[in-house]
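J.: Take a look and give me a structure for this.
(chains A, B, C and D)
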There are 2 protein chains.
Amino acid sequence: MPDTTNSKRVKHTRELIQDAAMELLAEYGYKGTSVRKIASKVGIRESALYNHYTNKEAIFLSITSKIFTTPFSHENDQKIFYENAKKGKRFLQRFMTEFKLLSFDKNSEKLFRIMMIELMQNSSLRESFIKEFHEKNIKLLSSSFFIMMQEGLIRSSDPMVMANEFLAPFFYLRLQISLLKADGASTTPLSTQFEKHVDFFWESIAL
Amino acid sequence: MPDTTNSKRVKHTRELIQDAAMELLAEYGYKGTSVRKIASKVGIRESALYNHYTNKEAIFLSITSKIFTTPFSHENDQKIFYENAKKGKRFLQRFMTEFKLLSFDKNSEKLFRIMMIELMQNSSLRESFIKEFHEKNIKLLSSSFFIMMQEGLIRSSDPMVMANEFLAPFFYLRLQISLLKADGASTTPLSTQFEKHVDFFWESIAL
DNA sequence: AATTAATAAGAACAACTGTTCATATAACCA
DNA sequence: TGGTTATATGAACAGTTGTTCTTATTAATT
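T.: The predicted structure follows:
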């Protein structure tokens, strides 16, 4: 396989560029990250970068495209999903665990930082955030709460409102974690808040 | 008063610079806002700016220093505060109204955007956010919830957790409003969510 | 081993950055 | 009115920016 070895080499430096760019973007943002800084972090010259990416923007897009792909993607399997929702608190705990895992994952952390910095300056990133994060999770949660209401597990209320109330603390927690980590502070006290959130919330809705 | 007229003139252009800088910073961030762009928005040359501010950073600081000064500052009056907390839901509604007002205030909106863009890149801004916004509000809310518990108005639970659960949706709502406004989208559907949050939350904790 | 393709380097480009300077203009106070 | 001070100008500075060349080097294919 001659082609494979070739593309592997390319992929290798391409990945090195992505890693370097991700690190710099998470710290200095798009404007603060120069093509030369990325190149020097990889160990090549700025002109050599253009053999792998057509643009600075192309590097940026190759990274931001990965922000909203990971979480809860397999939840779309309807059958399993309905069965899970019937489990009530256990379902919420599973949701929490996935969110918590992402919140403390090193790679996801960098992507989150990049998102936060660019969110107010990049229109397509905003669109992705609203559709791929917010609306997707609200949809998932509200229909889950709807099922729980039908099953008589939780009190009757607007599932949409309930979903927002359940989701918001996760996001706020994640932001706090990123802020503390940016200053090298300890995030351990925040670690238990994920479980506390689910406990408090379940007490708030359980029948 | 000769000095007054003089300083008023200076203050005049100083304010024009601040207004221009605030607008640009809210849209393009610190790195994306050049001294020349600020000057041209005011109608002067870049060199003239340095008669009013020593630095680009000085302009930035004069704006960011105003971010965390406004909200809930009068809540520190202990006597009034204790009486207010005893009112239960009414207190939460008052808190909500203040937050909602800020969320839809045009000036506060710009400051919020600047904060969001620079939060991950500016250490002192992070510190202010955690201390002046997060900790201050958590302190205020948790001691309020504590009083409500003593008064038998709400169920017994960790006041700290309760405060976080009450605060997070406000922040998340505010972020959503900023994102929608950045794209020129309508924020009216989010307007009623403030009240819905208080209603839902009160149902979750009231005895 | 010879040829072709992929990747690297280095120099150069025009545009832009924050800041400073000498100088001109305007506003103020005596 | 004359002198002082505050504010504006325009040019210049040394860096940095993204990008594009031409040329060299390395690897893959024949």
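J.: The nearest residue to residue A:134 once chain neighbours are set aside in helix, strand or coil?
T.: The shortest distance from residue A:134 to any residue other than its chain neighbours is 7.2 Å, reached at residue B:176 (CB to CB, 6 or more residues apart in numbering or on different chains). Every C-beta, even on glycine, is put in place using the N, C-alpha and C of the backbone. Following DSSP: H, G, I helix; E, B strand; the rest coil, residue B:176 is assigned to helix.
J.: Could you give the number of residues near residue B:176?
T.: 20 (other CB atoms under 10 Å in any protein chain shown).
J.: ok, it touching residue A:138?
T.: No. Residue B:176 lies out of contact with residue A:138 (CB atoms under 8 Å); the separation is 10.8 Å.
J.: domain parsing for chain A?
T.: If you go by automatic domain parsing, the domain ranges for chain A are A:2-64, A:73-205.
J.: Pick the most deeply packed of these.
T.: Comparing the domains of chain A by mean neighbour count (mean count of other CB atoms under 10 Å in any protein chain shown), domain A:73-205 comes out on top with a mean of 17.
J.: Can you name the next helix or strand after the lowest-mean-pLDDT helix or strand in chain A?
T.: Ranking every helix and strand in chain A by mean pLDDT, DSSP states H and E puts helix A:78-85 at the bottom, with a mean of 74. Next helix or strand after helix A:78-85 toward the C-terminus (DSSP states H and E): helix A:89-104.
J.: quick check: angle from the least confident helix or strand of chain A to helix A:89-104?
T.: Helix A:78-85 and helix A:89-104 are oriented at 100 degrees to each other (axes from the mean of the first three to the mean of the last three CA atoms, to 10 degrees).
J.: now for helix A:78-85, which elements pack on it?
T.: helix A:89-104, helix A:136-150 (3 or more CB pairs under 8 Å, 6 or more residues apart in numbering or on different chains; DSSP states H and E).
J.: which residues sit against the last one?
T.: Same thing as helix A:136-150. A:72, A:75, A:81-82, A:84-86, A:88, A:91, A:95, A:154-157, A:159-160, A:162-164, A:166-167, A:205 (CB atoms under 8 Å, 6 or more residues apart in numbering or on different chains).
J.: One more: stretch A:194-207?
T.: Applying CB under 8 Å, 6+ apart, the external contacts of stretch A:194-207 come out as A:88-89, A:92-93, A:96, A:99-100, A:103, A:145, A:152-155, A:157, A:162, A:165-166, A:169-170, A:173, B:155, B:157-158, B:161-162, B:164-165, B:203-205.
J.: Return the distance of that stretch from the chain's centre.
T.: A distance of 23 Å separates the centroid of the chain from that of stretch A:194-207, by CA atoms, centre = their mean, to the nearest Å.
J.: Convert it to PDB, retaining C-alpha atoms only.
T.: Presented in PDB, the C-alpha positions along stretch A:194-207 are these (Å, rounded to 0.1, in the frame of the first residue of the first chain):
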ATOM      1  CA  PHE A 194     -22.700  17.400  39.200                       C
ATOM      2  CA  GLU A 195     -24.200  14.700  41.500                       C
ATOM      3  CA  LYS A 196     -25.600  17.300  43.800                       C
ATOM      4  CA  HIS A 197     -27.400  18.900  40.900                       C
ATOM      5  CA  VAL A 198     -29.100  15.700  39.900                       C
ATOM      6  CA  ASP A 199     -30.000  14.900  43.500                       C
ATOM      7  CA  PHE A 200     -31.500  18.300  44.000                       C
ATOM      8  CA  PHE A 201     -33.300  18.300  40.700                       C
ATOM      9  CA  TRP A 202     -34.800  14.900  41.200                       C
ATOM     10  CA  GLU A 203     -36.100  15.900  44.600                       C
ATOM     11  CA  SER A 204     -37.600  18.900  42.900                       C
ATOM     12  CA  ILE A 205     -39.600  16.900  40.400                       C
ATOM     13  CA  ALA A 206     -40.100  13.400  41.800                       C
ATOM     14  CA  LEU A 207     -43.500  12.300  42.900                       C
END
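J.: wait, does the helix or strand residue A:110 falls within contact DNA strand D?
T.: Here residue A:110 sits within helix A:106-118, counting by DSSP H and E. No. In terms of CB under 7 Å from any atom of the strand, no part of helix A:106-118 sits within range of DNA strand D; the closest distance is 14.1 Å.
J.: does any part of that helix sit near chain B?
T.: Yes. Under the criterion of CB under 8 Å from any CB of the partner chain, chain B is reached by helix A:106-118 at A:113, A:116-117.
J.: What of stretch A:19-31?
T.: Yes. Using CB under 8 Å from any CB, stretch A:19-31 reaches chain B at A:26-29, A:31.
J.: for stretch A:182-198, what is the average pLDDT?
T.: Average pLDDT, stretch A:182-198: 97.
J.: Closest to DNA strand D out of the residues of helix A:106-118 next to chain B?
T.: Using CB to the nearest atom of the strand, residue A:117 comes nearest to DNA strand D of those, at 14.8 Å.
J.: okay if I get the residues of helix A:106-118 next to chain B as JSON lines plus pLDDT?
T.: Shown next, in JSON lines, are the residues of helix A:106-118 next to chain B (pLDDT from 0 to 100):
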{"residue": "A:113", "pLDDT": "98"}
{"residue": "A:116", "pLDDT": "98"}
{"residue": "A:117", "pLDDT": "98"}
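J.: Am I right that residue A:85 is in contact with residue A:91?
T.: Yes. Residue A:85 lies in contact with residue A:91 (CB under 8 Å); the separation is 5.4 Å.
J.: which sections of chain A are below the confidence cut-off?
T.: Applying pLDDT under 70 to chain A picks out residues A:1-11, A:70-79.
J.: one step back: in helices, which of the contacts of stretch A:194-207 appear?
T.: Secondary structure defined by DSSP state H assigns A:89, A:92-93, A:96, A:99-100, A:103, A:145, A:162, A:165-166, A:169-170, A:173, B:161-162, B:164-165, B:203-205 of the contacts of stretch A:194-207 to helices.
J.: Near DNA strand D, list only the ones from the residues you listed.
T.: Of those, not one also sits near DNA strand D (CB under 7 Å from any atom of the strand).
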